[in-house]
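**Student:** coords below, sequence missing:
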C-alpha cells in the first residue's frame, strides 16, 4: 500500500462524498470503510452498538468526541460527518489493535495537514466565497498540493530505483569487458580445471605431462605462473587460456 494507491482509492469513492452549503462534509459508510481498509459490514456492525449497553471501542471513541448514540446509528442512512471520518481513520490506524490497517495510517497522514473536511470540500468542488483580492493558498489548494507532492515523490523514488538497477547492470558489463581486456592471454586455469571446462577426462599422468609443457611455454613467453593450493594435488599452476589451448591442441595433433 502506498500514497499513490490511497490517491486511487480517493478517486474511486469521491462520488460518495458530499459537502453542504456551510462546508461540512459527509462520507458514506462504504467510502469510509474503503479509506480505512476495513470491511464495510464490520464497520456497520461496530457502529450499531451505539445504542447497546456495551458499545464497541470505536463507538466509545466517537461518543467521547461528542456524538450521540442515536446520531451514530443514523449514519448508515445519512452518511458519516467529516470529523467522525477523521476519528474512524485514526482509530483503525492506531487504536484498533490487530485490526489496525496500514491503509488507515496512510490516509491519516494524507489528511492531517489540512483536515478531512478540507479534503471533502476539495474533491466535491466546494469553495468558500472569497474576496476578489484574496490570493493566499486555501486549505483545499494546500491539501491538493500535498497529495500531488506525495504521489510525485513516490513516483520519483520508483524511477530512481529503476535507474539504479540499470546503472548496476551496465557497471557489471563494463567490469566483465575490462577484465577481458586486462587478460589478453585469456583467463587462467589449472590443467584439470581447463580439461573439466572442455568436458575432457584426464588422468593424473596426463595432467602432469601437460603441466610441464604449459610451464615450459610460460617460461619461454616470460609469463609468470601463479600457484594455488589443490586438495588433491597440493600446489598446482594456473596457466593462461591461450597457453592451455596450445598445450591441449598439440597433444591432439
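**Tutor:** Sure, I can see it. Owing to the predicted nature of the structure, the values given are computational and were not obtained by experimental measurement. Numbering: from 1, shown residues only.
**Student:** rest of the way, CA atoms for contacts and neighbours
**Tutor:** Noted.
**Student:** Could you list the low-pLDDT ranges of the stretch 1-150 of the chain?
**Tutor:** 1-4, 6, 112-116, 128-146 (pLDDT under 70).
**Student:** element containing residue 196, please.
**Tutor:** Assigned by DSSP states H and E, residue 196 falls within helix 191-197.
**Student:** how distant is that helix from the center of its chain?
**Tutor:** 44 Å (C-alpha atoms, centre = their mean, to the nearest Å).
**Student:** Buried residues, that helix. List them.
**Tutor:** For helix 191-197, the neighbour count (16 or more other C-alpha atoms under 10 Å) marks 191, 192, 194, 195 as buried.
**Student:** So which of the residues you listed is the closest to residue 121?
**Tutor:** Nearest to residue 121, judged by C-alpha to C-alpha, of the buried residues of helix 191-197 is residue 194 at 74.6 Å.
**Student:** Quick check: nearest residue in space to the closest one, chain neighbours excluded?
**Tutor:** Once flanking residues are discounted, residue 194 sits nearest to residue 244: 7.5 Å by C-alpha to C-alpha, 6 or more residues apart in numbering.
**Student:** which element is the one you found on?
**Tutor:** helix 241-252.
**Student:** So which bits of that helix are buried?
**Tutor:** 241, 243, 244, 247, 248.
**Student:** How much space separates the third one from residue 60?
**Tutor:** Residue 244 sits 83 Å away from residue 60 when distances are taken as C-alpha to C-alpha, to the nearest Å.
**Student:** The second one now?
**Tutor:** From residue 243 over to residue 60 the distance is 84 Å, taken as C-alpha to C-alpha.
**Student:** ok, now the fourth one?
**Tutor:** Computed with C-alpha to C-alpha, the distance linking residue 247 and residue 60 is 88 Å.
**Student:** try residue 210
**Tutor:** With C-alpha to C-alpha as the criterion, residue 210 and residue 60 are 87 Å apart.
**Student:** for residue 172, same thing?
**Tutor:** 60 Å.
**Student:** neighbour count winner among these two?
**Tutor:** residue 60 (16 against 12; other C-alpha atoms under 10 Å).
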